[in-house]
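*Asks:* Turn this into a model:
(chains A, B, C and D)
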Protein chains: 2
Amino acid sequence: MTSKKPTIDDVARRSGVARVTVSRVLNGGPNVRDEVRAKVMQAVAALDYKVNPQARTLAGGASRLLALLFASDLEAEPNSFYQSALELGALRGCVALGYQLLTHHIPEQSADRIRQIVDVIATQRCDGLILTPPFSDDVDLISEILRLKCKVVAISAGGAGRALVDSIGIDDEKGGYDIARHLLALGHRRFALIAGIAGHLSADQRHDGLMRALAETGLGAEAVVWKRGDFTFRSGVELASGLFDDPLGPTALICANDDMAAGALSAAHARGIVVPEQLSITGFDDTPVSAIVWPPLTTVHQPLKIMGERAVRRLVHSLTNGGAGADEPLGRFERLDHRVVVRGSTSAV
Amino acid sequence: MTSKKPTIDDVARRSGVARVTVSRVLNGGPNVRDEVRAKVMQAVAALDYKVNPQARTLAGGASRLLALLFASDLEAEPNSFYQSALELGALRGCVALGYQLLTHHIPEQSADRIRQIVDVIATQRCDGLILTPPFSDDVDLISEILRLKCKVVAISAGGAGRALVDSIGIDDEKGGYDIARHLLALGHRRFALIAGIAGHLSADQRHDGLMRALAETGLGAEAVVWKRGDFTFRSGVELASGLFDDPLGPTALICANDDMAAGALSAAHARGIVVPEQLSITGFDDTPVSAIVWPPLTTVHQPLKIMGERAVRRLVHSLTNGGAGADEPLGRFERLDHRVVVRGSTSAV
DNA sequence: CGCTTCTATGGAAGCGCTTCCAATTCCCTT
DNA sequence: AAGGGAATTGGAAGCGCTTCCATAGAAGCG
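*Replies:* This next block holds a predicted model:
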């Protein structure tokens, strides 16, 4: 049928140069005359030649493979939209830069999560890792990965992660502050908060922001009751249900992500509580979930796709620039803009 | 720091056999004495040796790389839960079988979708492809892929795809029939249908099933008004909005997937139409969306994760069994069970 | 104008693994 | 007990690419 795929030698032969020269052209190496470069490129086009990534890896040592790690059980429902958005962004970056992306879901609570992740690095030979919360702040995990000389970029790392590796995220404290300001402006004074899991530092920062906003308005810790959820719809349902009994309960419920807000909304519906008239609810992330539910959620937009793409670019950058040891300031945090998106789930008290 | 990674030669040396023998053990080859096999395995464990997949690919010709293809624009919101479920299942299968999975999103309408996909095969050198609708029925595309000698398994292929390649799916016609029977039993007689895009054959089969159920009850085409959506929440909102004006309009709205049903539900809320009292709405797929909205959707459960995993297994099977030409009946369809999940969005008329 | 210093190119040596084929050993046959 | 086939093992040859080092010219310099 179709003849064998062309190799670098075919290109070399056709353009009348040595194999190394073709390799140089392909890798943008220096010291190649424009004339020769053009001749090679032409042969590449004519033969529809594509480098064999496996051969390149074997010879060159770099696999051009990146892994995106999520903390979720394969069996459980994933925090799907959040993850998809990051993945899509990362994929976009990989396609643009000629890298490949592997996605892995690791049960977060498992004691051997570190072993599993190290295994991914060892088995798949990927040379860069993108960590998502709460792995982004898992100091033990990160140290172990760095020990293996694997490059890392963390998404939404809190203080712990930021100190160790490059990271990308929004100003979560400010995000929490902003959403609180929105509710305070609407006249709310009694709040409930469904926070994230312990160890998810960026979500805790949103909590801090909320408290700062309250303090500015002269309110203290007594103005808010809070619990920790696990970011799933289900936990939103369960935790919200406990809030509806007190007649002097909160008038506004702030959730650490959209899924839990959707769950809270569902619980409210089930109890006949009208949102937002009787209770305002807010989410976080601005995933499609916030637009799908009724009423649509007021939430904080987080540029997840861009975060995914930036993560890849940062990783590739540090991979190709040899990460010149000292001059590469490890642990740089890149802040992206967020914004409050007001929809129908909040109203004046 | 850590010494170089151990190679197959290290294992060979440590266990006192030749490199080939280690290779045989690693690949489950025949003709190795149990005693030798054990000795090698022990050395592997002692050295914490992992095969280098790139080297294996280069030498062996098989990349052990599978690609999962989705038809969606990177910029548009993905049909996230549907895709995530398939991906998760496929990932599970890959991990179990020692393969790697690459996910790609190709804009479906783009004229050069075939070129893009062929490029994926050529550039990434993956040796198996998992197609999702509507690629599953894209005869031109499939023919081209087969011409490249790349193995394919299609998810939810309709007649066109099933004839060409191995495929996995539920009995969509029966799914449509079942959901219609559910509504008919509740007394509904006037229906609306938000169908899928043209060319998405499995979704069309659900339409056929609906018509069959209606016919059995003595109803004809006049009992249902229908339109085509594109499976997005947005299209559900838009298409449903047009249905609410006629006082003698449908009492039940059947949607070809959950996202469009959620959109329709949202549109109903916006118009003050109470679901299910004034209008019953059904979805399809049983993605988490169906549980997140209010009222939760009656829908048809499709075992997406299992479908993803089975797709990988089928692919790997045909890859490793050399696909012995004749005896391998190409185009085998594997049917998985579906079931109607009754939730709050449907009630008696 | 002879000498060093670049700049452009090519030769050779593998990267770690598998496949092909030859060599050895073993176990049955007759 | 000798011959034959099957079961085991190893040697050698790459897979397609990059890296290291050597080789020419071209260019710079006193």
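
*Asks:* quick one: terminal-to-terminal distance for stretch A:151-169?
*Replies:* With CA to CA, to the nearest Å as the measure, stretch A:151-169 spans 18 Å from end to end.

*Asks:* Same question for stretch A:158-172.
*Replies:* 9 Å.

*Asks:* Check the offset of it from the chain's centre.
*Replies:* The chain centre lies 12 Å from the centre of stretch A:158-172; the measure is CA atoms, centre = their mean, to the nearest Å.

*Asks:* Same check on stretch A:215-232?
*Replies:* On the basis of CA atoms, centre = their mean, stretch A:215-232 sits 25 Å off its chain's mean C-alpha point.

*Asks:* For chain B, tell me whether it is touching it.
*Replies:* No: in terms of CB under 8 Å from any CB of the partner chain, no part of stretch A:215-232 sits within range of chain B; the closest distance is 9.4 Å. C-beta here means a position set from N, CA and C on the backbone, and glycine is covered the same way.

*Asks:* For that stretch, buried residues please.
*Replies:* Residues of stretch A:215-232 classed as buried: A:219, A:223-226, A:228-232 (neighbour count, 16 or more other CB atoms under 10 Å in any protein chain shown).

*Asks:* Turn these into TSV, columns for pLDDT and secondary structure.
*Replies:* Below are the buried residues of stretch A:215-232 laid out as TSV (pLDDT from 0 to 100; DSSP: H, G, I helix; E, B strand; the rest coil):
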residue	pLDDT	secondary structure
A:Leu219	94	coil
A:Ala223	93	helix
A:Val224	93	strand
A:Val225	93	strand
A:Trp226	93	strand
A:Arg228	95	strand
A:Gly229	93	coil
A:Asp230	90	coil
A:Phe231	91	coil
A:Thr232	90	coil
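
*Asks:* out of those residues, who's nearest A:Leu210?
*Replies:* Of all the buried residues of stretch A:215-232, A:Leu210 sits closest to A:Val224, with 7.1 Å by CB to CB.

*Asks:* ok so, going back, which of the buried residues of stretch A:215-232 are close to DNA strand C?
*Replies:* When contact is defined as CB under 7 Å from any atom of the strand, the buried residues of stretch A:215-232 do not meet DNA strand C at all.

*Asks:* State the helix or strand in which A:Ala46 lies.
*Replies:* Here A:Ala46 sits within helix A:34-47, counting by DSSP states H and E.

*Asks:* So which residues make contact with that helix?
*Replies:* With contact meaning CB atoms under 8 Å, 6 or more residues apart in numbering or on different chains, helix A:34-47 is reached by A:6, A:10-11, A:14-17, A:21-22, A:25-26, A:49.

*Asks:* rerun that using 7 Å as the cut-off
*Replies:* The contact list for helix A:34-47, computed with CB atoms under 7 Å, 6 or more residues apart in numbering or on different chains, reads A:6, A:10-11, A:14-15, A:17, A:21-22, A:25.

*Asks:* separation between A:Lys151 and A:Val341?
*Replies:* For A:Lys151, the distance to A:Val341 equals 34 Å [CB to CB, to the nearest Å].

*Asks:* ok, now A:Val20?
*Replies:* For A:Val20, the distance to A:Val341 equals 54 Å [CB to CB].

*Asks:* So those two - more neighbours on which side?
*Replies:* Applying other CB atoms under 10 Å in any protein chain shown to A:Val20 and A:Val341 shows that A:Val341 carries more neighbours, namely 17 against 11.

*Asks:* Show me where the stretch 1-150 of chain A has its strands.
*Replies:* All strands of the stretch 1-150 of chain A, identified by DSSP state E, counting those that start in this stretch, fall at A:65-71, A:100-106, A:128-131.

*Asks:* And the average pLDDT for stretch A:257-277 is what?
*Replies:* Throughout stretch A:257-277, pLDDT has a mean value of 95.

*Asks:* which parts of that stretch are buried?
*Replies:* A:257-270, A:273, A:275-276.

*Asks:* so which of those are also by chain B?
*Replies:* A:262, A:265-266, A:269 (CB under 7 Å from any CB of the partner chain).

*Asks:* Quick check: of those, which lies closest to A:Arg181?
*Replies:* A:Leu265 (21.7 Å).

*Asks:* Who are the contact partners of that closest one?
*Replies:* So A:Leu265 contacts A:275, A:281, A:293, A:345, B:294 (CB under 7 Å, 6+ apart).

*Asks:* roughly how far apart are the third one and chain B?
*Replies:* What that stands for is A:Val293. Separation of A:Val293 from chain B (CB to the nearest CB, to the nearest Å): 6 Å.

*Asks:* so that residue touches B:Val293, yeah?
*Replies:* Yes: between A:Val293 and B:Val293 there is a contact under CB atoms under 7 Å: 6.0 Å.

*Asks:* picking up where we left off before, can I get the ones next to chain B among the buried residues of stretch A:257-277 in TSV with secondary structure and distance to B:Leu131?
*Replies:* Output for these, formatted as TSV (DSSP: H, G, I helix; E, B strand; the rest coil; distance: CB to CB, whole Å):
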residue	secondary structure	distance to B:Leu131
A:Ala262	helix	32
A:Leu265	helix	36
A:Ser266	helix	35
A:His269	helix	39
